[in-house]
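Novice: no letters, just coordinates:
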C-alpha cells in the first residue's frame, strides 16, 4: 500500500485509491482507549473504533473500508507495510 502524505489518501500498490484520511477531531492515538481484543483503539470523540493498519494486509484493509466507508484508520509513518509517497500536481 502507499500513502500520499500531501493528499492524505491511501492507495493500493497498483495506485487504486482506498480511502482519504481525515479526522475532524484531530485526535491523538495516545489519547484513545485501548481495546482488550485487538491493537485497535476507541475514539470517544467520534465513538468509533480506529483500525491500526500496522499489521493488516491490503486485502483486509480494502474489505474493512468496503464494509464501512467511515472506517477510521491509523497510519504510523514508520510501519513497513505502507510506503509513504508525495505526489505533487502542477
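Specialist: Cool, got the structure. The structure presented is a predicted model; accordingly, all values stated were derived computationally and were not measured.
Novice: show the contacting residues for the most centrally placed residue in the chain.
Specialist: In the chain, the residue lying closest to the centroid (CA atoms, centre = their mean) is residue 73, at 2.7 Å. Shown in contact with residue 73 (CB atoms under 8 Å, 6 or more residues apart in numbering): 10, 19, 21, 50, 51, 53, 61. All C-beta atoms are positioned from the backbone trio N, CA, C, and that covers glycine.
Novice: please enumerate the helices of this structure.
Specialist: 58-67 (DSSP state H).
Novice: tell me where it has strands.
Specialist: Remark: strands assigned in the chain by DSSP state E are 2-4, 9-11, 17-20, 33-34, 41-43, 48-52, 72-74, 83-85.
Novice: sorry, back to before: buried by neighbour count, from the contacts of residue 73: which ones?
Specialist: Those of the contacts of residue 73 that meet the buried threshold are 10, 19, 50, 51, 53, 61, by 16 or more other CB atoms under 10 Å.
Novice: for the protein, give me the ranges with low pLDDT.
Specialist: In the predicted model, the chain carries pLDDT under 70 at residues 89-90.
Novice: quick revisit: show me what the residue nearest to the centre of the chain bridges to in the sheet.
Specialist: Beta-bridge pairing for residue 73 (DSSP bridges): residue 51.
Novice: do you know how far it is from residue 87?
Specialist: Applying CB to CB, to the nearest Å, the value for residue 73 to residue 87 is 19 Å.
Novice: with residue 46 instead?
Specialist: In this view, residue 46 and residue 87 are 28 Å apart by CB to CB.
Novice: one step back: any idea which of the contacts of residue 73 is closest to residue 68?
Specialist: residue 51 (9.7 Å; CB to CB).
Novice: list the contacts for that closest one?
Specialist: By CB under 8 Å, 6+ apart, residue 51 lies in contact with 40, 61, 64, 71, 72, 73, 74.
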